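Peer 1: this one's structure only:
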């Protein structure tokens, strides 16, 4: 199993996930600005998830690019990540339709949290497979961004039931800290 | 026709099948934990099929990787496998919506059984094309896992009408014996 | 523009077309063999179109494999073919739902006919671009299969209004003559 | 991050966008020519968007092919382009269903306009990354086609509220000027 195959399959799945989300954007019955305006929250949820998946695609490449060899454990850790990402369209559609209701927001936060957990597991599995002197291990270091994301998503689940705008702010916050690709890994990978 | 093309097309189809299943998970009308709970069986059926397709993707790679040359027969045996796998989303949605009804469970078992038959045919076609001293033939050996899977799926069809929990147990059982990729083939293929 | 990119994009589109057709197979309301039986014609239409698209994928590879250089005209002739193939899911769903009504059968025949015309145009464009001594030109020769397919599909459109079983027989007939990949081209391409 | 990965992911997303549009073409309830005729505007909108996306796919390849190195900025400029293109199916379905209503036509023009803006940004980002003596910069020159497209799409938004047939004419006009791939870039890229 080469890295190329793993990347190609992951690219395919992420490309499909990112694209089928748009199928949830049903053309409205009305034909004016007001009708489009009613899709506002669906559109914003779509933008948020598009950026989220874009970030995963981006970081996934850097991660796999720094991998030395592909083991069976890495394959399954990767499928595990793709599983949680595949639930993003579902969570996006539910939250987009109910933008002011705690539970769907918490579910979105939960899917984001478990995706982040799966990403962390994938990272750890790759580092373990690389063994001593792993380039990825050095590059990741203390993985502040990863820890911060996990904490923010965990908080967003709880706070959805307290004051949901904070959950949205946390989703945007995590997106912003990741929008800059992980230069440390990219640098070491060269 | 190179192996690369065969793999790329198969990867594409499996990636799409695995992803469009999630389109069956419709966001519920309600907005609380109870509403999500009603999707429980749909979600479990989705997890089961995600793992099933993940296993096929994994083993398919090992299988094609051990192939010496791609013949017209292999192409069609491969499309035949993809055909049965493409019915998995349909069977998953039907069973997920009717988790306690024998017939949809038996249909799911039937699709799984015919996918396993198609996989066996593909394997035999590749071995036949490789001719004497096929690496794949040596690696597969008596193909205990394959025979066991076929028997388990055949049983699951019949037992769905007797006591359906056994059918579910058989689906999980087959998934578990395959979760470990076929080291024998992978080993020989190196 | 390399052949690889053309192939990869075409593979992607055909893989998606072949897979989204299954989204038209809605799980029935009922939960017994009778309910599944009502999907009989949808399933048969799906099988027919799956084989049709499998044949195009197969022959497309052989065709592009024998191509010397990719011109702008070839790109657009290829997109033109993909356009007609993309209407196959629509025609399949309509015919599958109305298996005994002339018009949807004729529309299916029409989409199949225009796909075959587009394939012929692509083939001619490639031969023209290859210039004198084109391997593809020699391999294709008088293109009996192609002419036969065009004639059969044209007939199927007209005969749908006379006696529709003949149209179905013609669809199956064309599939059968192409199930064997074009050995002549494959042979010359080596 | 290699150009190959960027191309493969973009190809995948564009292939999916172009194909899922066909899911909006629902088989009509009726079974005669009249029923099909009622889909006329949906079909025409589909053809228009198919050509639009075909042009983007084509030009995107030429653009990335002329790129020297892939930076983080290019990755995000590319995802930004894919984002606007991903809204094409939504705009197509809405306009196809309401072919004589100003607002959906203006929204289609708006999505086309913002896609063109995103393409221009991607082009500028690549030229900036290439630095002095960029092949792409020389090839693009004054980018008359690009400027013309932006102006035409901007006009189409306003004119949809005045006399909508002009907006359609502008959509077709832009398609026509791009149907010929950008020979200048292709020439320089060789």
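Peer 2: Done, it's in. Nothing here was measured: the structure is a model prediction, and the numbers come from that model.

Peer 1: anything in stretch A:154-166 near chain B?
Peer 2: No: Stretch A:154-166 lies apart from chain B when judged by Cβ under 8 Å from any Cβ of the partner chain; the minimum separation is 11.1 Å. Backbone N, C-alpha and C define where each C-beta goes, glycine included.

Peer 1: how far away from the center of its chain is that stretch?
Peer 2: 18 Å (Cα atoms, centre = their mean, to the nearest Å).

Peer 1: could you list the buried residues of that stretch?
Peer 2: A:154, A:155, A:156, A:157, A:159, A:160, A:164 (16 or more other Cβ atoms under 10 Å in any protein chain shown).

Peer 1: quick one: mean pLDDT for it?
Peer 2: When pLDDT is averaged along stretch A:154-166, the result is 97.

Peer 1: for stretch A:113-127, same thing?
Peer 2: 95.

Peer 1: report whether the longest helix along chain A contacts chain B.
Peer 2: Criterion DSSP state H: the longest helix present in chain A is helix A:102-130. Yes: for helix A:102-130, a contact with chain B is found by Cβ under 8 Å from any Cβ, at A:103, A:104, A:107.

Peer 1: most surrounded residue in these?
Peer 2: Using other Cβ atoms under 10 Å in any protein chain shown as the neighbour test, the residues of helix A:102-130 next to chain B are led by residue A:104, with 28 neighbours.

Peer 1: which positions in chain A make contact with chain B?
Peer 2: A:1, A:5, A:8-9, A:12-13, A:16-17, A:20, A:23, A:72, A:75-76, A:79, A:82-83, A:86-87, A:89-90, A:93-94, A:97-98, A:101, A:103-104, A:107.

Peer 1: what is the nearest of the residues of helix A:102-130 next to chain B to chain D?
Peer 2: Checking the residues of helix A:102-130 next to chain B against chain D by Cβ to the nearest Cβ gives residue A:104 as the nearest, at 21.5 Å.

Peer 1: still on that earlier bit, weed out the non-buried ones from the residues of chain A next to chain B.
Peer 2: Burial by neighbour count, 16+ other Cβ under 10 Å: within the residues of chain A next to chain B this picks out A:1, A:5, A:8-9, A:12-13, A:16-17, A:20, A:23, A:72, A:75-76, A:79, A:82-83, A:86-87, A:89-90, A:93-94, A:97-98, A:101, A:103-104, A:107.

Peer 1: still on that earlier bit, okay, the residues of helix A:102-130 next to chain B in a markdown table with distance to residue A:172 next?
Peer 2: Below are these laid out as a markdown table (distance: Cβ to Cβ, whole Å):
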| residue | distance to residue A:172 |
| --- | --- |
| A:103 | 20 |
| A:104 | 17 |
| A:107 | 18 |
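
Peer 1: now those residues as JSON lines including distance to residue A:143 and pLDDT?
Peer 2: What follows is these, written out as JSON lines (distance: Cβ to Cβ, whole Å; pLDDT from 0 to 100):
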{"residue": "A:103", "distance to residue A:143": "30", "pLDDT": "97"}
{"residue": "A:104", "distance to residue A:143": "29", "pLDDT": "97"}
{"residue": "A:107", "distance to residue A:143": "26", "pLDDT": "97"}
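
Peer 1: contact partners for residue A:107?
Peer 2: Counting by Cβ atoms under 8 Å, 6 or more residues apart in numbering or on different chains, residue A:107 touches A:91, A:94, A:95, B:36.

Peer 1: and the spatially closest residue to the second one that is not a sequence neighbour, how far is that from chain C?
Peer 2: Sequence neighbours aside, residue B:27 is the residue nearest to residue A:94 in space, at 3.7 Å (criterion: Cβ to Cβ, 6 or more residues apart in numbering or on different chains). Residue B:27 sits 17 Å away from chain C, going by Cβ to the nearest Cβ, to the nearest Å.

Peer 1: and residue A:75, by the same measure?
Peer 2: Look at residue A:75 and chain C: by Cβ to the nearest Cβ, they are 21 Å apart.

Peer 1: quick one: the helices in chain A?
Peer 2: Going by DSSP H, chain A shows helices at A:3-20, A:33-37, A:40-65, A:72-86, A:88-97, A:102-130, A:135-140, A:144-159, A:164-179, A:183-189.

Peer 1: and these as TSV, adding distance to residue C:123?
Peer 2: Converted to TSV, these look like this (distance: least, Cβ to Cβ, whole Å):
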stretch	distance to residue C:123
helix A:3-20	29
helix A:33-37	45
helix A:40-65	37
helix A:72-86	38
helix A:88-97	39
helix A:102-130	45
helix A:135-140	49
helix A:144-159	52
helix A:164-179	47
helix A:183-189	44
